[in-house]
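*Asks:* Okay, predicted coordinates and the sequence, questions at the end:
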Amino acid sequence: MGRYVVRRLLQMIPVFIGSTLLIFLMMYVLPGDPVRALMGDQAFDPAVVANIRKDLGLDLPLWQQYANYLGGLVQGDFGTEIVSQRPVADIIADAFPVTVRLTLFAFAFTVLVGVGLGIVAGLRPNTMQDRGLLALTLVLISMPSFVLGFLMQYLFAFQWQLIQPNVRDSENFGELLLPAIVLGSLSLAYVARLTRTSMAENLRADYMRTAVAKGLPKRRIVGVHLMRNSLIPVVTFLGTDIGNLMTGAIVTEGIFNVKGVGNAIFEALIRREGATVVGIASLIVLVYLATSLLVDLLYAVLDPRIRYA
Amino acid sequence: MPEKTAEPEKNLTGKTTAAVPVPAAAVEAGPAPDKARSLWSDAWYDLRRQPMFLVSSLLILLLVVMSFAPGLFTSASPRDADLAAHYLQPPNWSHFFAEDWLGYDGQGRSIYARIIYGARASIMVGLGVTILVTVFGTLMGMMAGYFGGWIDSLLSRLTDVFFGIPFLLGALVILTTFENRTVWVVILALAFLGWTSIARVARGSVITVKQSDYVVAAKALGASTSRIMFRHILPNALAPIIVVATIALGGYIAAEATLSFLGVGLAEPTVSWGVDVATGRSQLRNAPFTLIIPSVMVSITVLSFLMFGDAVRNALDPKLR
């Protein structure tokens, strides 16, 4: 187990470096210049621009810039924004907790409601409630989150005036409720469908028949035998989904005006602040890699046949 | 998936129609009942009996016609703006398919005309990205799965690297650098990031098929590598790839609308539903229809492709039934 974790952690290193390098390249190779953006519409002296570029190390060859950046990153230095002169670490410290809170809230909603609905439908496949759930999830999946977001905002905030259209206090869970539901709804639909399919499939498995034949109480059959086997694909999906939820938050945060990572990334992109974008993106990649490792370890818990040497 | 490789002989004898994106449609009428059916004719036989397939293909057909011949649906222009006469004029629900049927937006343009002309962007992005992703992803996955060894390790790590980048974030980063974002730029950006899931599926599928007897036999008979790969393995490994590709298509359309809505996808003067949602946003309180109508169109389109994908999966993957 320990050796497996170490091996997986070592395998993550090239993937992490590769992903951040790719984002770094996209940020720095593609056209768009932060110094030029700094000047705005004013007339500027090319010598001044060249000087600023030199001070910032933007005149170095690309591989050297990346090496410098990575070197700083390893020491916990995310770099500094060019225009505001704020350390990127500060920006991340401001924005990340907000998005993490929103994501976890959405995640909890996804797990509870999604798995719940999936169980209800999966236990009785091809009944009315099963078909109803299938239709509901299809509708949810086909609505891009901005559609659902605006619909909710329009109905709850403008039409019925139950909530504020914008989130002003990101620590207030009541205000975050609607954005979290909007953010989580797509995953919820997938989780419900996966749980449903997986349970409906396992209902016919031999071990289920054995459990019933042995006369085990229904609670134990469903709770232990069926659930444990059916949840494996769901856990896989949920693990890889946390990263998606965090990026999906970019849209949700935009609709409800939450000051989180999405907001920070958006501002940084417009000003071409490479360090901020790459820093935040690297953290999201890290979250994604960590959760996928966690998922693999959870497999062993759910399926005793899997043993990591 | 063993079911798919169960009837390889029939697949090899002709009707494989491998390169066609929706192969089921290419196979003619259902075969005689007692004859062994190939996977594709079996799937086509199933598909024709699914109401979901019929409804969704009709909707898709309508959308495709709309995107290639918008003039058939409306004579109004999506760019004619008459602010004085039509500023935010609400829909006139009884004027079916007339210029003022769905009202006018904040610039006095007919929303109905914009809906019709906006279909092209969505359909082109959806189909374009799916085709590129399927071709490239299949090639990558096939090479990784067939050759194995260091090629597999290398390509799989490369896939991991691209897979690690969150889709929306990567698209944001790429697209903000382009001043002039045409449909093609958006297609290329989405395809650049999206090929990984197809590559993974293709790799797994090819590894399963590679071990079949008929591949070993072809090798023993001295068939060339490319012949084995494209004539023997590809047709038999294609089913799961097509399932993933058709389901992803709706997702790409949603992605384009989302990016356009965020202001980094398509932009004026391209007519796109996502752009219209973004412009309608400021009127959410007083004229919600300017935002809701294009949103509904995006959802209907994504829904049609999802239902289509679901139907294809049900037909091609008997295990899920």
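*Replies:* Received it, and whenever you're ready, just let me know what you need. All of these numbers come straight from a predicted model, not from anything done at the bench.
*Asks:* how many neighbours does A:Arg131 have?
*Replies:* Neighbourhood size, A:Arg131 [other CB atoms under 10 Å in any protein chain shown]: 12. Just so you know, the C-beta spots here come from the backbone N, C-alpha and C atoms, and that holds for glycine as well.
*Asks:* ah, wrong one, I meant B:Thr208
*Replies:* 18.
*Asks:* And B:Ala84, by the same measure?
*Replies:* 7.
*Asks:* and the closest residue to it other than its chain neighbours, helix, strand or coil?
*Replies:* Computed as CB to CB, 6 or more residues apart in numbering or on different chains, the closest residue to B:Ala84 that is not its neighbour in sequence is B:Gly108, at 7.4 Å. Here B:Gly108 is coil, with the state taken from DSSP: H, G, I helix; E, B strand; the rest coil.
*Asks:* So which bits of the stretch 101-250 of chain A are right by chain B?
*Replies:* Counting by CB under 8 Å from any CB of the partner chain, the residues of the stretch 101-250 of chain A close to chain B are A:138-139, A:141-147, A:150-151, A:153-154, A:158, A:197, A:243-244, A:246-248, A:250.
*Asks:* any idea which helix or strand comes after the helix or strand encompassing B:Ala113?
*Replies:* According to DSSP states H and E, B:Ala113 maps onto helix B:111-147. For helix B:111-147, the following helix or strand on the C-terminal side (DSSP H and E) is helix B:149-164.
*Asks:* Distance from that following helix to the middle of the chain?
*Replies:* A distance of 24 Å separates the centroid of the chain from that of helix B:149-164, by CA atoms, centre = their mean, to the nearest Å.
*Asks:* Report all helices and strands that the next helix or strand after that helix contacts.
*Replies:* Tracing the chain past helix B:149-164, the next element assigned as helix or strand by DSSP H and E is helix B:167-176. Helices and strands touching helix B:167-176, by 3 or more CB pairs under 8 Å, 6 or more residues apart in numbering or on different chains; DSSP states H and E, are helix A:2-29, helix A:227-256, helix A:261-270, helix A:274-302, helix B:183-194, helix B:234-262.
*Asks:* what angle do helix B:167-176 and helix A:2-29 make?
*Replies:* Using axes from the mean of the first three to the mean of the last three CA atoms, to 10 degrees, the inter-axis angle of helix B:167-176 relative to helix A:2-29 is 20 degrees.
*Asks:* and helix B:167-176, how far from the chain's centre?
*Replies:* Using CA atoms, centre = their mean, the offset of helix B:167-176 from its chain centre is 19 Å.
*Asks:* separation between B:Pro78 and A:Arg204?
*Replies:* 53 Å (CB to CB, to the nearest Å).
*Asks:* So for the two, which residue has more residues nearby?
*Replies:* Higher neighbour count among B:Pro78 and A:Arg204: B:Pro78, with 20 against 9, using other CB under 10 Å.
*Asks:* Quick one: find the helix or strand in chain A with the lowest mean pLDDT.
*Replies:* Lowest on mean pLDDT, DSSP states H and E among the helices and strands of chain A sits helix A:34-39, with a mean of 66.
*Asks:* so after that helix, what's the next helix or strand?
*Replies:* Where DSSP H and E defines the elements, the next helix or strand beyond helix A:34-39 is helix A:46-56.
*Asks:* Correct me if wrong: the residue nearest to B:Ala84 contacts B:Ala76.
*Replies:* No: using CB atoms under 8 Å as the test, B:Gly108 is too far from B:Ala76 to be in contact (11.8 Å).
*Asks:* quick one: which of the two has more around it?
*Replies:* Neighbours per residue, other CB under 10 Å: of B:Gly108 and B:Ala76, the larger number sits with B:Ala76, 19 against 16.
*Asks:* just for the stretch 151-300 of chain A, where's the confidence low?
*Replies:* A:169-171 (pLDDT under 70).
*Asks:* Looking at the stretch 1-150 of chain B, what residue ends up closest to chain A?
*Replies:* Among the residues of the stretch 1-150 of chain B, B:Met52 lies closest to chain A, at 9.4 Å counting by CB to the nearest CB.
*Asks:* what bits of chain B have low per-residue confidence?
*Replies:* For chain B, the stretches with pLDDT under 70 are B:1-37, B:97, B:318-321.
*Asks:* who's sitting farthest from the centroid in it?
*Replies:* For chain B, the C-alpha farthest from the mean C-alpha position belongs to B:Ala84; by CA atoms, centre = their mean, that distance is 40.2 Å.
*Asks:* and the gap between that residue and B:Gly106?
*Replies:* If you go by CB to CB, the gap between B:Ala84 and B:Gly106 works out to 13 Å.
*Asks:* what's the nearest residue to A:Gly262 once chain neighbours are set aside in contact with, if anything?
*Replies:* Closest residue in space to A:Gly262, ignoring its immediate chain neighbours: A:Ile250 at 3.3 Å, by CB to CB, 6+ apart. Contact partners of A:Ile250, counting by CB atoms under 8 Å, 6 or more residues apart in numbering or on different chains, are A:261-262, A:265-266, B:168-169, B:172, B:262.
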